[in-house]
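predicted coordinates and the sequence they were generated for:
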Amino acid sequence: MSDGSGTGAVDPGALLSLRGIDKNFGPVQALTGVNLDVPAAQVTALLGDNGAGKSVLVKTISGIHAADGGHILWEGQPVHFRTPKDATALGINTVFQDLALCDNLDIVQNMFLGRERRQLGVFLAEDEMEKAAAATLAGLSVTTVRSIRQPVASLSGGQRQSVAVARAVMWNSKLVIMDEPTAALGVAQTRMVLDLIRRLADKGLAVLVISHNLVDVFEVADRLAVLYLGRMVAQGQATDFDRQSVVELMTTGTSIRLSSRATGDSPPAIIAAPGGGSEG
């Protein structure tokens, strides 16, 4: 388990590495010296209370916000995101909580919205787009939709989340970020989305999930990273944590429970974080 200070060595196996990321909005310091490693073929859960800085961090990774300090490394190489297009060009796609789907359009139209394929430069390549959309959904084992031509407005919450994820992975994604993917879903729909998240990692993609539901987190995540008031206070394998220690970290920035479990020469490097934060 590692801490969130700005001096950590880069994990050579990480697809995405953040080191010492700072972000401020005027006098408000939203992120301070944040470290984060996101490996391929694993699900990393980003946790924190409201105001911890989760949304700011995700928007920084997605190219919406520019970091004010620190370094972002992609496959071991430094990168700079000036716009969201810079992030998506590398294979980073974000599924935000509102999903950004158009209810009046069907599944195929949503998956190709803004990236429509054309024949002869004029006509929409409807058959080609249908086949690509169907193949992507089938590859993710999304089999509950009646037709890929049904309007998104007719889909359940779990199906809508599946379409949003399929749209993200269709464009050569290597990292999929999901913001509260099971919020407001029923039991069956939550099960569908958790299975989908697991399949993404099993296919070799890196997945970064923001969630407040610790039951879902411990079921699907390989790694946990906990923010407290804009600082990364702990990250490591999910098996290094339990629910009580995560709650302690989210609410106080440290965990007596984890510290008391430390043995040998490698105790958990949990650090207190009294600094300020912003939106979560």
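Here it is on my side, so go on. Residues are numbered from 1 along each chain as shown.

please count neighbours and contacts with C-alpha atoms only from this point.
OK.

surely Gln150 meets Asp106?
Yes - between Gln150 and Asp106 there is a contact under Cα atoms under 8 Å: 5.1 Å.

neighbour count for these two, which is higher?
A direct count of neighbours by other Cα atoms under 10 Å for Gln150 and Asp106 places Asp106 higher, at 19 against 15.

I'd say the more buried one and Val152 touch.
Yes - Asp106 is within contact range of Val152, at 5.4 Å (criterion: Cα under 8 Å).

what comes into contact with stretch 237-248?
Stretch 237-248 is contacted from outside by 1, 214, 218, 221-224, 226, 254-258, using Cα atoms under 8 Å, 6 or more residues apart in numbering.

same question for stretch 243-253, mean pLDDT?
Mean per-residue pLDDT for stretch 243-253: 95.

hang on, I meant stretch 170-188
Mean predicted lDDT for stretch 170-188 stands at 89.

now swap in stretch 157-166 and tell me
Across stretch 157-166, the average pLDDT comes to 91.

likewise stretch 36-43?
Mean per-residue pLDDT for stretch 36-43: 97.

just the CA atoms of it, as PDB, please.
Output of stretch 36-43 as PDB, limited to C-alpha atoms (Å, rounded to 0.1, in the frame of the first residue of the first chain):
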ATOM      1  CA  LEU A  36      -2.300   7.700  -8.500                       C
ATOM      2  CA  ASP A  37      -1.400   4.500 -10.400                       C
ATOM      3  CA  VAL A  38      -4.000   2.900 -12.700                       C
ATOM      4  CA  PRO A  39      -2.800  -0.500 -14.100                       C
ATOM      5  CA  ALA A  40      -4.200  -2.100 -17.200                       C
ATOM      6  CA  ALA A  41      -6.500  -5.100 -16.800                       C
ATOM      7  CA  GLN A  42      -7.600  -4.100 -13.300                       C
ATOM      8  CA  VAL A  43     -10.400  -2.100 -11.700                       C
END
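
residue ranges of the strands in the stretch 101-250 of the chain, please?
For the stretch 101-250 of the chain, the strands defined by DSSP state E, counting those that start in this stretch cover 118-119, 123-124, 175-179, 206-210, 223-228, 231-237.

quick one: closest of those strands to Ala67.
strand 231-237 (14.2 Å; Cα to Cα).

how far out from the middle of the chain is that closest one?
Centroid displacement of strand 231-237 relative to its chain, using Cα atoms, centre = their mean, to the nearest Å, is 15 Å.

and the contacts of stretch 237-248, which are buried?
Met1, Leu214, Phe218, Ala221, Asp222, Arg223, Leu224, Val226, Thr254, Ser255, Leu258 (16 or more other Cα atoms under 10 Å).

got the buried residues for stretch 231-241?
For stretch 231-241, the neighbour count (16+ other Cα under 10 Å) marks Arg231, Met232, Val233, Ala234, Gln235, Gly236, Ala238, Phe241 as buried.

taking those together, which two end up most distant?
Arg231 and Ala238 (18.9 Å).

for this protein, give me the ranges with low pLDDT.
Within the chain, the segments meeting pLDDT under 70 span 1-10, 259-280.

give the residue farthest from the middle of it.
Most distant from the centre of the chain: Leu120, at 37.4 Å, with distances by Cα atoms, centre = their mean.

phi, psi for Lys174 please.
With angles defined as degrees, to the nearest 10, Lys174 sits at phi -120, psi -30.

for it, list the residues it contacts.
Contacts of Lys174 (Cα under 8 Å, 6+ apart): Ala40, Leu90, Gly91, Ile92, Gly204, Leu205, Ala206.
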